[in-house]
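>>> coords please:
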Amino acid sequence: MPLNDQHEEEAPRIRQMIIEDLPEVFHIGEEVFTAEYSQSLYRTWDEYEITTLFNSDNELCIVAEHEDRILGFALGTTVKKHHSPWKYGYLVWLGVRRELQKMQVGARLFKELKRRFKEQGVRMIIIDTSADNEPAIRFFKKHGFDNVQEHLYMTLNLSKRHKKKAVKKP
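Below is the predicted model of the structure:
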């Protein structure tokens, strides 16, 4: 039965990621997080993203599965600042197969990750996305995120020769 014809009881199962899921999750990420998705190198999708989070925060690495097929995933971690009683949940990656987006798979993954963050004492969840990623911004606003902050990203091309501007002496 196609996923969009499902009844609630046939909805994807959200479960903790296991090591056998890593290749499929990686390929979904490759499909979703393309160079067009993120043209900067600020955040890049690679195997280290998955393995690092899987090894450090396994309980916050979850997948949505239907009939032995992984439909999407969410990878999170927690952050605790020095001298702060607050613990933050950081949703690092949320990916759903393109053909299944807008079918509540991402929402189900987020809901479960949020529940797990709460269980771990998280008081605030943070995400980041490109300023022009309107579908992601709509998704997170729909799930209660606000306080949008601009983020400045800069680069320095080391292959170009830069001339120093002459400084005028007084």
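>>> you'd agree residue 100 is up against residue 72?
Yes: Residue 100 lies in contact with residue 72 (Cβ atoms under 8 Å); the separation is 6.9 Å. For the C-beta atoms, the positions are set from N, CA and C on the backbone; glycine is no exception.
>>> So if I had to pick from these two, which one is more boxed in?
Ranked by neighbour count (other Cβ atoms under 10 Å), residue 100 and residue 72 place residue 72 first, with 25 against 19.
>>> Three-state assignment for residue 64, please.
The three-state label given to residue 64 by DSSP: H, G, I helix; E, B strand; the rest coil is strand.
>>> what sits against it?
Contacts of residue 64 were listed using Cβ atoms under 8 Å, 6 or more residues apart in numbering, and they are 12-14, 70-73, 96, 105, 108-109.
>>> ok, and the most crowded of these?
Using other Cβ under 10 Å as the neighbour criterion, residue 73 leads the contacts of residue 64 with 30 neighbours.
>>> Quickly list what that residue is bridged to.
For residue 73, the beta-bridge partners under DSSP bridges are residue 63, residue 95.
>>> Can you list the buried residues in the longest helix belonging to the chain?
Scanning the chain for the helix with the most residues, using DSSP state H, yields helix 105-119. Neighbour counts over helix 105-119 (16 or more other Cβ atoms under 10 Å) mark 105-110, 112-114, 116-117 as buried.
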